[in-house]
Structure formats: structure tokens, C-alpha cells
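Peer 1: predicted model, plus sequence, below.
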2 protein chains.
Amino acid sequence: MNEPTQAPVNQGAAACCSGAPAAFTAQPEDDERLAALCKALAHPHRVYILRFLMAQRACFAGEIAEQLPVAASTVSQHLTQLRDAGLIKGEVDGPRRCYCVAPEALAQLKTLVGAL
Amino acid sequence: MNEPTQAPVNQGAAACCSGAPAAFTAQPEDDERLAALCKALAHPHRVYILRFLMAQRACFAGEIAEQLPVAASTVSQHLTQLRDAGLIKGEVDGPRRCYCVAPEALAQLKTLVGAL
DNA sequence: TTCGTTATTCGTCGTATTACGAATAAACGA
DNA sequence: TCGTTTATTCGTAATACGACGAATAACGAA
């Protein structure tokens, strides 16, 4: 992914919204991170999984799959995407796998969204 | 998109994380809306556009396109996605088009993320 | 009216996403 | 050891995404 190219800005154009322009600093790393977190939540089932997992504190992959109207293998893929984004963690517990939310990543998401 | 199927839950399983389970209520509409907003921000260039637009208050499509290392037609598609999600608004101003952020949608995003 | 400027839409291409069922791996109990 | 249970990985198919350049539309000025 290419980074934005800081070009000259604000050649005296502002029409639809009022107010003076504020300072703008490019933050490509934050943009990438926020985009990655948002991408992980860009599907309703994954939002559901995250919320469900937060309420349950922790639960097995099978329990999550029971909640959703898709195949277990599809749920497993969703879990992988959430895990790759750092939003959840999974650990082996016997033949099952126990998932729980990663509070740090969630806090980072809230911070980045809050900074918008 | 199918809605989650509220199945029986919490068959006495909790391993990796401590704490008692909290109440959980399915909110399929919120999940859909948050997913849609997140999808709109699931690309770094779109995050950049939103932040840039917030700082500038308003600006023309061409100014935005100058900032990014992709073709103007691609930027136009990104703007369309942000507009479809309700995050920005665009209005005709002569031969140009002036875009600005939609504060309501941004507030909704912050609310939904904050509720996680 | 015609021309130049600006932005979008169209057609296309390659890749990624979402979904499924089948096959595989890993752990435990009989 | 051999099944059973559980979850993931694999192979596949349909659709969506991101990108480009060319074509189109919309407006203002000459």
C-alpha cells in the first residue's frame, strides 16, 4: 500500500461547510492501523462475534459458531481475521479452542476512532 | 445478510479470561450499521480522506486526489464509498464538487465503537 | 455555441472476500 | 490403540474490491 503524497493544500477553496481549516498532519501509520482494525469489523458477523465475546468474557469456537447462521469453517475464518487484527486471542484448551477479546486492541480502536 | 440465530449460550465454558459473563443482547441493526461504517473506513486512503476533510472543513475532489498516489477515478470511487456510508457529503459547486464530513455519521461511529 | 475544466461513470483486470463441504489435525477417553 | 469430539485448513465458486485509462457529463467562460 502506497502512502499519501503530502502535496500543497487549500488553494483557497471551501464552499459547502463553514469554519476555518484546522491543522492537518499526515499520520500514515495511524491510518493504516485504523483501516486494519476497521477492516476486521467490516462484517456484521465479526461485530457480533466481538460483542458476544465481550459479554461472555471467553468462549469456545463451537459456541460462537452455534450463534451464527453460517458453517463452522466460515466462523473459523472470521475468528482468524479478528485474531490477525489483534482484536481477539485464542488459546488451546483440550480439544477445543477458547477465545477472548484483546482489551489493548479494543482500546486502540477507541482511541483512533475518538481522535477523528 | 442473515441475522445471527440466538441459540442457547454459555454451557459452563470459560477458560482463558477471568470475570463473570455480562448480559448480552443481540443488536443486529447496530452490528450492521457499525460494520457498514467500518467497511467504509477499511482502506487507509479512505481514512486519510476523512481526516483530511475534517481538517480542511471542506474541499474539492481534485484537491483530495492530489493528495493520494492513485488515479482521480479511483479517488472518486473512494469518495462514493464514504458518501454511501453517510460519512461525507458532496455538493456541486460550479464544475467542481465540494465535499465535507457528515458530523452525525461520525458521531454515530464514535457512539457505536464506544459501546463495545 | 463551442471550448476547456472538473469529476464521475464505464469497461476491464487482477486480487481478496465470503461462503460451503470435505479433509485434516489435535486432544482426550474408552 | 482406536474412536469421538472439536476446530482448522484445503479446494472451490461466486461476488466484491481496488486500480487503471477512456469515455461521458456538467458547468462556466469566451
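Peer 2: Looks like it arrived, so ask away.

Peer 1: please name the nearest non-neighbouring residue to the residue nearest to the spatial centre of chain A.
Peer 2: In chain A, the centroid-proximal residue (CA atoms, centre = their mean) is A:L37; its distance is 2.6 Å. Nearest residue to A:L37, sequence neighbours excluded (CB to CB, 6 or more residues apart in numbering or on different chains): A:L109, at 4.7 Å. No exception for glycine: its C-beta is placed from N, CA and C like everyone else's.

Peer 1: okay, and the one you found sits in which element?
Peer 2: Under the criterion of DSSP states H and E, A:L109 resides in helix A:103-114.

Peer 1: list the buried ones in stretch A:103-116?
Peer 2: A:105-106, A:108-109, A:112-113, A:116 (16 or more other CB atoms under 10 Å in any protein chain shown).

Peer 1: check stretch A:78-91 too.
Peer 2: Of the residues in stretch A:78-91, those buried (16+ other CB under 10 Å) are A:78-79, A:81-82, A:85-90.

Peer 1: re earlier: so which helix or strand takes in the residue nearest to the centre of chain A?
Peer 2: Per DSSP H and E: helix A:28-40 holds A:L37.

Peer 1: can you tell if the helix or strand following that helix touches DNA strand D?
Peer 2: Following helix A:28-40 in sequence order, the next helix or strand is helix A:44-56 (DSSP H and E). No: counting by CB under 7 Å from any atom of the strand, DNA strand D has no neighbours in helix A:44-56; the shortest distance is 11.1 Å.

Peer 1: ok, A:K39 to A:G94 distance?
Peer 2: 32 Å (CB to CB, to the nearest Å).

Peer 1: what residues does whichever residue of chain A sits closest to DNA strand D make contact with?
Peer 2: Closest residue of chain A to DNA strand D, CB to the nearest atom of the strand: A:G62 (2.2 Å). Each residue near A:G62 by CB atoms under 8 Å, 6 or more residues apart in numbering or on different chains is listed here: A:72, A:96.

Peer 1: can I assume the residue nearest to the centre of chain A is in contact with A:A85?
Peer 2: Yes: using CB atoms under 8 Å, A:L37 is in contact with A:A85, at 5.8 Å.

Peer 1: overlap in contacts, those two.
Peer 2: Joint contacts of A:L37 and A:A85 (CB under 8 Å, 6+ apart) are A:A105.

Peer 1: secondary structure element for A:E91?
Peer 2: Going by DSSP H and E, A:E91 is part of strand A:88-93.

Peer 1: isn't A:Q67 up against A:F52?
Peer 2: Yes: the criterion here is CB under 8 Å, and A:Q67 meets it with A:F52 at 6.3 Å.

Peer 1: gap between the residue nearest to the centre of chain A and A:F24?
Peer 2: Distance, A:L37 to A:F24, using CB to CB: 22 Å.

Peer 1: so A:D84 versus B:F52, what's the distance?
Peer 2: Counting by CB to CB - A:D84 and B:F52 are separated by 28 Å.

Peer 1: pLDDT at the residue of chain A closest to DNA strand D, what is it?
Peer 2: For A:G62, the pLDDT comes out at 95.

Peer 1: A:P28 too?
Peer 2: 92.

Peer 1: hmm, B:H45 and it touching each other?
Peer 2: No: counting by CB under 8 Å, A:P28 does not reach B:H45; the two are 10.3 Å apart.

Peer 1: more neighbours: these two, which one.
Peer 2: Each of A:P28 and B:H45 has its neighbours counted (other CB atoms under 10 Å in any protein chain shown); B:H45 has more, 21 against 15.

Peer 1: ok, that one - contacts?
Peer 2: Contacts of B:H45 (CB under 8 Å, 6+ apart): A:4, B:68, B:70, B:75, B:78.
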